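Visitor: I need the structure of the sequence given here:
(2 chains)
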2 protein chains.
Amino acid sequence: MRPQLSLAVLLSLSLVGFSASTAEARSELARAYRVIASKSFIDLTHSFGPQTPVWSGFGQAKMTPAADPKTHRPYTIKEDGFRATLYELVGQYGTHVDPPAHFDEKGTTMDEIPLKQMILPLIVLDDTPYLSQDPNHAFSVADLDSWEKKHGRIPRGAWLLLRTGWSKRTDPAYYINLGDDGPHTPGFVKECSDLLARDRDVLGVGVETVGTDAGRAATFDPPFPNHYVMHGSGKFGLAGLCNLDQLPPTGAVIIAAPLKIVNGSGSPLRVIAITPQR
Amino acid sequence: MRPQLSLAVLLSLSLVGFSASTAEARSELARAYRVIASKSFIDLTHSFGPQTPVWSGFGQAKMTPAADPKTHRPYTIKEDGFRATLYELVGQYGTHVDPPAHFDEKGTTMDEIPLKQMILPLIVLDDTPYLSQDPNHAFSVADLDSWEKKHGRIPRGAWLLLRTGWSKRTDPAYYINLGDDGPHTPGFVKECSDLLARDRDVLGVGVETVGTDAGRAATFDPPFPNHYVMHGSGKFGLAGLCNLDQLPPTGAVIIAAPLKIVNGSGSPLRVIAITPQR
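Guide: Below is the predicted model:
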């Protein structure tokens, strides 16, 4: 009987060990969730509709009542109990994500993004002091150096956002023209994009303007240098963000979970920041 | 000098207090983030494209290359450095959210959802043992009672998902017909929806099928009783989920952050679960 007894004891001990570690894992996640839920959530997303400013090379979205494919009659709550909407829009609309596939034939598409990249540490660079001196200023390697002297090195794999205040501008003309004849929207100097993508190895960069390149992008070689550098290095972009003035330079967490679109080259998404404050 | 000195001391003390609590808040969030990031993430989202099964009362999505509005020439990476997609789809497509506005004229639209409802505790009911006995089984109040006896009362404000195994079925016919002449897709008995919405006060219910109602919904009064009850009570729906067999009954956390669409009555979204396991 003794060997069997020992086996039973061993088995029950290992079961106790398993339950204990399961219970521990559960309470560890529950505690982390309670902390997260107690913090301030900041919406970095504009609401979007047919009037939302869009790059002039694309067009406005259409949103019309969805209809029965047989009768073409739009569904209504009164007659059918429900309503639904047919959306017609370009992916790069409203607050949106640019995956590498937007600029790179072989780049990551939206259905291929690893889940663990959807909740990440958040770095916020403040371009507003430079822009108040020179509205044509582009964020440079020297500006990044000066930020890192103050706040420490940009951590690998983080999302990096560029605060410019442009999300508060109400004139759509400010957003929609990325050509060299239009307003000089802020952005990065190519060398700074290079450093962020290749050396600091950020997941990507996000901006308040309608695209991740400065308005003078067409005068640069290559055109759209930030898109070119980021997506060519497997990095992402977030455009049309807001409320960046409510974020600390470091210490916040970002949730940005793109739609799982087959071959997806960009689409609107919801972007939320969780800040250390309650 | 004494009063000024005291003031200075008081000021510096309060500054120390402020820094300490700021630093504490930062490290509290950083710790919670490290725990979250160490856990298993489960994708509850199907990838979606033009072939994705959709309810027969709607139509397939179209996804075509976005074109220059002036020349109508589609953008290509070869000629333009980038590509983009024009999406035409009904909101209730792929893995999607139904907000109250889908069935209720005055219901919450997608741009009105509080941020704190986008990351929540997750409850998973297992319908598969009942369905293996009777493929026409609908989840009932008695089934819920029996679940609660085992796992405790459904917590207020949680997301509640119904595991049925239907996301593994590859025949689209199983998904697309919600009429009483079609396959008997699983769902809730109306009294169970009532109890969950009005008494347990869940945020909403999510399912593996194409809609949150059972396939016999049209034989019920009112039709689509789960939609009717949930949305009429300000509750949400998630449809077309997958991987529910990888979730524990309690203890996981769900991230479901809908797009911020003006007057939005439903749209695809990314849904992720974080489980206690590493």
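
Visitor: any chance you could map the helices in the stretch 101-250 of chain A?
Guide: A:128-133, A:141-151, A:173-176, A:190-194, A:225-232 (DSSP state H, counting those that start in this stretch).

Visitor: now do the last one: everything it contacts.
Guide: Okay, so that is helix A:225-232. Applying Cβ atoms under 8 Å, 6 or more residues apart in numbering or on different chains, the contact partners of helix A:225-232 are A:98-104, A:107, A:187-188, A:190, A:193-194, A:197-198, A:204-205, A:211-214, A:217, A:222, A:235-237, B:81-82. Placement of C-beta: from N, CA and C, glycine included.

Visitor: and for the longest one?
Guide: Contacts made with helix A:141-151 from outside it, assessed by Cβ under 8 Å, 6+ apart, are listed as A:125-127, A:130, A:154, A:189, A:191-192, A:195-196, A:249-250.

Visitor: and residue A:153, how many neighbours does it have?
Guide: 9 (other Cβ atoms under 10 Å in any protein chain shown).

Visitor: all strands for chain A, in order.
Guide: In chain A, the strands defined using DSSP state E lie at A:40-43, A:62-65, A:85-90, A:96-98, A:119-126, A:159-163, A:204-207, A:236-239, A:252-256, A:267-268, A:271-275.

Visitor: what's the angle from the fifth one to strand A:252-256?
Guide: In this case it means strand A:119-126. 110 degrees (axes from the mean of the first three to the mean of the last three Cα atoms, to 10 degrees).

Visitor: in the stretch 1-150 of chain A, what spans have low per-residue confidence?
Guide: A:1-20 (pLDDT under 70).

Visitor: coming back round to it: just the buried residues out of the contacts of helix A:141-151, in PyMOL syntax.
Guide: This is the PyMOL syntax for the buried subset of the contacts of helix A:141-151, where burial follows 16 or more other Cβ atoms under 10 Å in any protein chain shown:
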select buried, chain A and resi 125+126+127+130+154+189+192+195+196+250
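
Visitor: for chain B, what are the nearby residues on the stretch 101-250 of chain A?
Guide: Residues of the stretch 101-250 of chain A found near chain B (Cβ under 8 Å from any Cβ of the partner chain) are A:101-105, A:111, A:115-116, A:118-119, A:121, A:222-224, A:227-228.

Visitor: now which of those would you call buried?
Guide: The buried subset of these (16+ other Cβ under 10 Å) comprises A:101-104, A:111, A:115, A:118-119, A:121, A:223-224, A:227-228.

Visitor: which residue sits closest to the closest residue to chain B within the stretch 151-278 of chain A, ignoring its sequence neighbours?
Guide: In the stretch 151-278 of chain A, the residue that lies nearest chain B is residue A:262 (3.4 Å; Cβ to the nearest Cβ). Excluding the flanking residues, the one nearest residue A:262 by Cβ to Cβ, 6 or more residues apart in numbering or on different chains is residue B:49, at 3.4 Å.

Visitor: kindly report the same for residue A:89.
Guide: Per Cβ to Cβ, 6+ apart, closest to residue A:89 is residue A:61, 3.6 Å.

Visitor: now do the contacts for the one you found.
Guide: Per Cβ under 8 Å, 6+ apart, neighbours of residue A:61: A:48-50, A:52, A:54, A:87-90, A:93.

Visitor: and what of residue A:50?
Guide: Contacts of residue A:50 (Cβ under 8 Å, 6+ apart): A:60-63.

Visitor: quick check: the farthest pair among these?
Guide: A:60 and A:63 (9.9 Å; Cβ to Cβ).

Visitor: okay, these two: which has more neighbours?
Guide: Counting neighbours by other Cβ under 10 Å for residue A:60 and for residue A:63 shows that residue A:63 has the greater number, 20 against 16.

Visitor: was I right about the more buried one contacting residue A:85?
Guide: Yes: between residue A:63 and residue A:85 there is a contact under Cβ atoms under 8 Å: 5.4 Å.

Visitor: so what's in contact with the two at the same time?
Guide: B:261, B:263.

Visitor: residue A:256: neighbour count?
Guide: Residues lying near residue A:256 (other Cβ under 10 Å) number 28.

Visitor: again but with residue A:117, I slipped
Guide: 17.

Visitor: doesn't residue A:203 make contact with it?
Guide: Yes: using Cβ under 8 Å, residue A:117 is in contact with residue A:203, at 5.8 Å.

Visitor: between the two, which contacts overlap?
Guide: The contact lists of residue A:117 and residue A:203 share residue A:157, where a contact means Cβ under 8 Å, 6+ apart.

Visitor: check what pLDDT residue A:169 gets.
Guide: Residue A:169 is assigned 84 on the pLDDT scale.

Visitor: next, count neighbours for it.
Guide: 16.

Visitor: now it: phi and psi?
Guide: Here is the backbone geometry of residue A:169 (degrees, to the nearest 10): phi -70, psi 130.

Visitor: could you do residue A:94 as well?
Guide: For residue A:94, the backbone dihedrals (degrees, to the nearest 10) come out as phi 60, psi -160.

Visitor: chain neighbours aside, what residue packs nearest to it?
Guide: With Cβ to Cβ, 6+ apart as the criterion, residue A:94 has its nearest non-adjacent residue at 3.0 Å, and that residue is residue A:48.

Visitor: contacts only, for that neighbour.
Guide: By Cβ under 8 Å, 6+ apart, residue A:48 lies in contact with A:61, A:93-95, A:268, B:259-262.

Visitor: now, those residues that are in helices?
Guide: Per DSSP state H, helices hold no members of the contacts of residue A:48.

Visitor: want to try CSV for those residues, with distance to residue A:70 as columns?
Guide: Putting the contacts of residue A:48 into CSV (distance: Cβ to Cβ, whole Å) gives the following:
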residue, distance to residue A:70
A:61, 26
A:93, 30
A:94, 32
A:95, 36
A:268, 30
B:259, 28
B:260, 32
B:261, 26
B:262, 29
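
Visitor: and which of these is nearest residue A:278?
Guide: Of all those, residue B:260 has the smallest distance to residue A:278: 23.9 Å, by Cβ to Cβ.

Visitor: show me what contacts the closest one?
Guide: Per Cβ under 8 Å, 6+ apart, neighbours of residue B:260: A:43, A:45-48, A:94-95, A:270, B:110-111.

Visitor: so what pairs up with residue A:122 in the strands?
Guide: residue A:159, residue A:252 (DSSP bridges).

Visitor: thought it was touching residue A:249?
Guide: No: look at residue A:122 against residue A:249 with Cβ under 8 Å: they stay out of range, at 9.5 Å.

Visitor: and the closest residue to residue A:227 other than its chain neighbours, backbone torsions?
Guide: Closest residue in space to residue A:227, ignoring its immediate chain neighbours: residue A:103 at 5.1 Å, by Cβ to Cβ, 6+ apart. Backbone torsions for residue A:103, taken as degrees, to the nearest 10, come to phi -120, psi -10.

Visitor: surely residue A:103 meets residue B:78?
Guide: No: contact between residue A:103 and residue B:78 fails when scored by Cβ under 8 Å: they sit 11.7 Å apart.

Visitor: what is in contact with the two at once?
Guide: With the criterion set as Cβ under 8 Å, 6+ apart, the contacts of residue A:103 and residue B:78 do not overlap.

Visitor: buried subset of the contacts of residue A:61, written for ChimeraX?
Guide: Filtering these down to the buried ones (16+ other Cβ under 10 Å) takes a single ChimeraX command:
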select /A:48,49,52,54,87,88,89,90,93
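
Visitor: between the contacts of residue A:61, which is nearest residue A:139?
Guide: Nearest member of the contacts of residue A:61 to residue A:139, counting by Cβ to Cβ, is residue A:54, at 23.8 Å.

Visitor: from memory the closest one sits against residue A:93, does it?
Guide: Yes: using Cβ under 8 Å, residue A:54 makes contact with residue A:93 at a distance of 5.7 Å.
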